[in-house]
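Student: this one's structure only:
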């Protein structure tokens, strides 16, 4: 124990029990020289030999009384008098008081079973009964009590999280809230069981949370956000978009050349091949627009943002758009 953690009241409590320097130092797990320093610092002195004898006599009277009349166990007496269990045991032995072995500790089979059934861990039981954790584990082993270990509880919880993730559309944050843990903790658990979070699901959950918060699918649809962004760029770079700044454009080109060997990564052959491969796998064609889902999403976005399916037609009237979308009109000429 660190010297700075030991309080004056704790030292007084140990001194009043009539303990020697060695006993007090051992209790706090510090050296005798450290104890001397603490006593001087707090202006404290150990009891005189006469006072110690008086204290010992008091304990010699009190311990048998608690043990024989109040039927307390050795551990319970030690806890009550704030002394070590060994001291209680040795006092009873010295006074030739027969010791009931069942009272040597308070870790009975019934108590342990009751606490474990309540869902307490061995560490929580040790704190509750003021005994060391090792003693609790020894008693569990001795009585052959089966209980769910911390690791088993964690694994059960992890499996529940994985099942919920697979069988629902909940976001990582919603799952984290449900299990009272952090989002990063959920990510670690999914990674542990080799479960990947698809980009589509990430985007879907992001859209959902933005819609709940702001009423739109993308924060860039909010005029206040766009305005704040432009003001920030104007203040920092003197332009509404960083890429309008010549220095930033040159810097970006330099980084691209260093990293990919070209000013634009899309001019690099292996990146082009990688993009084509990803598009084929994800959308079934060379471009995302080959996917019906993507086209539908584009239409929904354009309707939400511009009020038309194709943003290039936003300046046209409804009558003109109807004429353009009338396929029969074109079929007549092709015939």
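Tutor: Received, thanks. Given the structure is predicted, the values throughout are model-derived calculations rather than measurements.
Student: give the contact list for residue 252.
Tutor: The contact partners of residue 252, by Cβ atoms under 8 Å, 6 or more residues apart in numbering, come to residue 243. No exception for glycine: its C-beta is placed from N, CA and C like everyone else's.
Student: C-terminal to the strand or helix carrying it, what's the next element?
Tutor: Secondary-structure assignment from DSSP states H and E places residue 252 in helix 246-260. Downstream of helix 246-260, the next assigned helix or strand under DSSP H and E is helix 269-283.
Student: contacts for the next helix or strand after that following helix next, please.
Tutor: Per DSSP H and E, the first helix or strand lying C-terminal to helix 269-283 is helix 292-306. For helix 292-306, the external contacting residues (Cβ under 8 Å, 6+ apart) are 216-218, 221, 283, 288-289, 308-311, 314.
Student: buried ones in helix 292-306?
Tutor: Judged by neighbour count using 16 or more other Cβ atoms under 10 Å, the buried positions of helix 292-306 are 298, 302.
Student: any idea how far it is from the middle of the chain?
Tutor: Remark: helix 292-306 is offset 38 Å from the chain centroid, using Cα atoms, centre = their mean, to the nearest Å.
Student: just the angle for that helix relative to helix 269-283, thanks.
Tutor: Angle of helix 292-306 versus helix 269-283, following axes from the mean of the first three to the mean of the last three Cα atoms, to 10 degrees, is 90 degrees.
Student: list the buried residues in the helix holding residue 252.
Tutor: By 16+ other Cβ under 10 Å, the buried positions in helix 246-260 come out as residue 256.
Student: just the mean pLDDT for it, thanks.
Tutor: Averaged across helix 246-260, pLDDT comes to 88.
Student: again with stretch 189-203
Tutor: Rounded mean pLDDT across stretch 189-203 is 85.
Student: and residue 271, what does it touch?
Tutor: Residues near residue 271 by Cβ under 8 Å, 6+ apart: 260, 265.
Student: pLDDT value on residue 329, please?
Tutor: Here the pLDDT value assigned to residue 329 is 53.
Student: residue 106 now?
Tutor: pLDDT, residue 106: 64.
Student: repeat for residue 149
Tutor: We have a pLDDT of 80 for residue 149.
Student: likewise residue 305?
Tutor: Reported pLDDT for residue 305: 75.
Student: regarding the chain, what is its longest helix?
Tutor: Criterion DSSP state H: the longest helix present in the chain is helix 150-167.
Student: what packs against that one?
Tutor: The contact analysis (3 or more Cβ pairs under 8 Å, 6 or more residues apart in numbering; DSSP states H and E) places helix 150-167 against helix 172-178, helix 183-192.
Student: for the last one, which positions count as buried?
Tutor: Of the residues in helix 183-192, those buried under the neighbour-count criterion (16+ other Cβ under 10 Å) are 186, 189-190.
Student: take those and write them to a markdown table, including distance to residue 80.
Tutor: A markdown table is the format used below for the buried residues of helix 183-192 (distance: Cβ to Cβ, whole Å):
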| residue | distance to residue 80 |
| --- | --- |
| 186 | 46 |
| 189 | 45 |
| 190 | 50 |
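Student: which of those residues lies closest to residue 141?
Tutor: For those, the closest approach to residue 141 (Cβ to Cβ) belongs to residue 189, at 30.4 Å.
Student: verify the stated contact: that closest one with residue 162.
Tutor: Yes - proximity of residue 189 to residue 162 meets the contact threshold set by Cβ atoms under 8 Å, at 6.9 Å.
Student: need the per-residue pLDDT for the nearest residue to residue 68 once chain neighbours are set aside.
Tutor: Ranked by Cβ to Cβ, 6 or more residues apart in numbering and with sequence neighbours excluded, the top spatial neighbour of residue 68 is residue 97, at 7.1 Å. Per-residue confidence (pLDDT) for residue 97: 81.
Student: got the contact list for residue 245?
Tutor: Residue 245 neighbours (Cβ under 8 Å, 6+ apart): 237-239.
Student: that older thread, quick one: the helix holding residue 252 to helix 269-283, angle?
Tutor: Counting by the same axes, to 10 degrees, helix 246-260 lies at 90 degrees to helix 269-283.
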